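Trainee: just coords:
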């Protein structure tokens, strides 16, 4: 039910590089009839994080992170992007180019709008602080140790749960109940590009 496309953040991911071609190939060749849920993963934050050190840099991401990849996430309709490196938990709204294309919620219905980005770094080293600045795309933050569980019930129903390590209880969650005619119409490298205007 899942296709995971994993990037190596210690190597260049910009257009024209071997890794960019690898990432696009992974995203573009998924058969959404067999693997309807498309997940992107990287260690360093290539999407969105309001971790203190990213905020101090004014980037809220690795340098040249999402600038190179957000067109791919949008074009191939990546459901969720996961990152570590920042030792806390944070979930965004479905976001593209710093704009929430759908209000953050615990229940999403309808067609794909944009990728939800999640930092799941609550393990390993000491916990990281958040920036005191509230950014528009940041929906839920937690400075604690935890992990995420994904459950795909079928082609159109997904449950995302964030649980704390200390008790295993759910502290953040959302469900996607989505009609996928736009995704199922995609074949190899032929997904129509979705923009904030469409």
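Mentor: Sure, I can see it. The structure displayed is predicted, hence computed values, not measured ones.
Trainee: list the contacts for the residue most central in space within the chain?
Mentor: With distances taken as CA atoms, centre = their mean, residue 81 lies nearest the centre of the chain, 2.0 Å away. Counting by CB atoms under 8 Å, 6 or more residues apart in numbering, residue 81 makes contact with 39, 40, 41, 42, 46, 47, 73, 115, 116, 117, 118. Yep, even glycine has a C-beta here, placed from its N, CA and C like the rest.
Trainee: state the distance from the third one to residue 118.
Mentor: Plainly put, residue 41 is 10 Å away from residue 118 if you go by CB to CB, to the nearest Å.
Trainee: among the contacts of residue 81, name the ones in helices.
Mentor: residue 73 (DSSP state H).
Trainee: spit out the contact partners of the nearest residue to residue 138 once chain neighbours are set aside.
Mentor: Among residues not flanking residue 138 along the chain, residue 50 sits closest, at 5.0 Å (CB to CB, 6 or more residues apart in numbering). Residue 50 makes contact with 60, 90, 130, 131, 133, 134, 135, 138, 141 under the criterion CB under 8 Å, 6+ apart.
Trainee: the second one reaches residue 118, doesn't it?
Mentor: Yes. With contacts counted by CB atoms under 8 Å, residue 90 reaches residue 118, the gap being 7.0 Å.
Trainee: pretty sure residue 62 sits in a helix.
Mentor: No. Counting by DSSP: H, G, I helix; E, B strand; the rest coil, residue 62 is not found in a helix; it is coil.
Trainee: burial count for it?
Mentor: 20 (other CB atoms under 10 Å).
Trainee: got the contact list for it?
Mentor: Applying CB under 8 Å, 6+ apart, the residues near residue 62 are 9, 44, 45, 46, 54.
Trainee: so which of those residues sit within strands?
Mentor: In strands, defined here by DSSP state E, there are no members of the contacts of residue 62.
Trainee: now neighbour count too, for those residues, in CSV please.
Mentor: Below are these laid out as CSV (neighbours: other CB atoms under 10 Å):
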residue, neighbour count
9, 18
44, 19
45, 26
46, 27
54, 24
